[in-house]
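Novice: Pasted the sequence and its predicted model underneath.
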Number of protein chains: 2
Amino acid sequence: MKLYTYFRSSTAYRVRIALNLKGLEYEAVPIHLVRGGGEQKSSAYQAINPQALVPALDVDGQVLTQSLAIMEYLEETHPEPALLPADALGRARVRAIALAIACEIHPINNLRVLHYLAGTLALDQRQKDAWYRHWVESGLLAVEAMLAGRSETGVFCHGDNPGLADCCLLPQVFNAQRFKCDLAAMPTIRRIAANCQELPAFAKAAPEAQPDFE
Amino acid sequence: MKLYTYFRSSTAYRVRIALNLKGLEYEAVPIHLVRGGGEQKSSAYQAINPQALVPALDVDGQVLTQSLAIMEYLEETHPEPALLPADALGRARVRAIALAIACEIHPINNLRVLHYLAGTLALDQRQKDAWYRHWVESGLLAVEAMLAGRSETGVFCHGDNPGLADCCLLPQVFNAQRFKCDLAAMPTIRRIAANCQELPAFAKAAPEAQPDFE
């Protein structure tokens, strides 16, 4: 398998964690999202993924896109260790936590949105940072409410094994810390993120551990 | 089952289609997203869904959130008719199309983002409309590229039966038309959306067919 990735992309980071948790080997193909206006916008890369986004996973010449779809594919084709619980309600809860991050937080702060804010709307750095923090902090507060005081929450987002929601949570916390967001009101998220970071599968997937880190 | 819904919410619209395709009865509980500053922000509703979003599906007192997680739950608990194909690669493709809409287009134009643009950033109506159209048009162009000329694409997004991707596509096309987006370069999307609209499951889920339509 070949993973089109960028060290700092939090969506590629999710898939790297999932691949590591499953113990799957892959070749990393770095796509630089900033250099030269962004390699993801090249016609060569858009022939691979017309969405012009990382990650993309090449499995024997078939290209899969969208991090959550890729992780569900890995779960279906390599069921052990499981990233989703066995019961339908538990699976719905884990997916809802993952989607509360993947839909409600990350896209609003994606690189191309930040470019639009700085370019078309001519926002200054302070306004851009305020935008970023607003969506991370309000979004993670909602995730905290989904986790805190719930009996399903354990060492990780759902029980005591890491899963799909944790694959999304740690990269979002990484972004939050990078932009100096205030996580004081999110003790459950901070605890789970710390637990994730102790596992080699998560550590090996971190931006600073990637071949294209700079 | 009780569905917390709003007639014009495109994420609630997705779940209404899925429930109808599965032939499942439900009680609609309207949550007005605009009146009185938004009923979704009330403490009563946040006790149901701390994300302050519709849809939420109450199944025997268990509340499920996030439209894609709800649809996956319906698929797992009521497998027929299937909203996902049987093969893992096909499932990954359908989920990727659904997520290209659910992650890359819809959240950036969600009501609370538009409020931030008009409030904190004091954008005028013309700037807000340009923002809206930019993300719909660029996002749907990427979806068109995932669909056009692909042998997997049929009467619907994947083959000749409606599925998860179609549940996401038609509501997004509805939004695009409401905001007068230019869909000229998306013949495949327009064709599939027209095919969806001919099915009672989609028609019954439309905003104008809802009890809270106004």
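Specialist: The structure has been received and is ready for your questions.

Novice: can we go C-alpha only for contacts and neighbour counts from here?
Specialist: Fine.

Novice: how about the residues of chain A near chain B?
Specialist: Taking C-alpha under 8 Å from any C-alpha of the partner chain as the criterion, the neighbours of chain B within chain A are A:50-51, A:64-66, A:68-70, A:72-73, A:76-77, A:88-89, A:91-93, A:95-96, A:99-100, A:102-104, A:107-108, A:139, A:142-143, A:145-146.

Novice: from those, which ones fall inside strands?
Specialist: By the criterion of DSSP state E, membership of the residues of chain A next to chain B in strands covers A:64-65.

Novice: what about the longest helix along chain A, distance to the chain center?
Specialist: Counting residues, the longest helix in chain A under DSSP state H turns out to be helix A:125-147. Taking C-alpha atoms, centre = their mean, to the nearest Å, one finds the center of helix A:125-147 at 15 Å from the center of the full chain.

Novice: That helix: what's the following helix or strand?
Specialist: Next along the chain after helix A:125-147, taking DSSP states H and E as the criterion, comes helix A:164-178.

Novice: Buried residues of that following helix, list them for me.
Specialist: A:164-176 (16 or more other C-alpha atoms under 10 Å in any protein chain shown).

Novice: which of these lies closest to B:Val59?
Specialist: Looking at those and their distance to B:Val59, the nearest is A:Ala165, at 21.7 Å (C-alpha to C-alpha).

Novice: show me the contacts for the closest one.
Specialist: Counting by C-alpha atoms under 8 Å, 6 or more residues apart in numbering or on different chains, A:Ala165 touches A:94-95, A:97-98, A:157-158.

Novice: Name the residues of the longest helix of chain A that are buried.
Specialist: Under the neighbour-count criterion of 16+ other C-alpha under 10 Å, helix A:125-147 has A:128-129, A:131-137, A:139-147 buried.

Novice: What of stretch A:187-202?
Specialist: By neighbour count on 16+ other C-alpha under 10 Å, the buried set for stretch A:187-202 is A:188-190, A:192-193, A:195-196, A:201-202.

Novice: Please apply the same query to stretch A:204-214.
Specialist: By neighbour count on 16+ other C-alpha under 10 Å, the buried set for stretch A:204-214 is A:204-207, A:210, A:212.

Novice: Extract the C-alpha trace of it and format it as CSV.
Specialist: Taking C-alpha atoms only, stretch A:204-214 is exported to CSV below (Å, rounded to 0.1, in the frame of the first residue of the first chain):
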residue,chain,number,x,y,z
LYS,A,204,5.1,6.6,15.0
ALA,A,205,2.3,8.5,13.1
ALA,A,206,3.1,11.9,14.6
PRO,A,207,4.1,14.7,12.3
GLU,A,208,7.7,14.9,13.7
ALA,A,209,8.2,11.2,13.1
GLN,A,210,7.5,11.5,9.3
PRO,A,211,10.1,11.3,6.6
ASP,A,212,8.9,14.6,5.1
PHE,A,213,8.9,16.4,8.5
GLU,A,214,10.6,19.8,8.3
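
Novice: Fine by me, we can end here.
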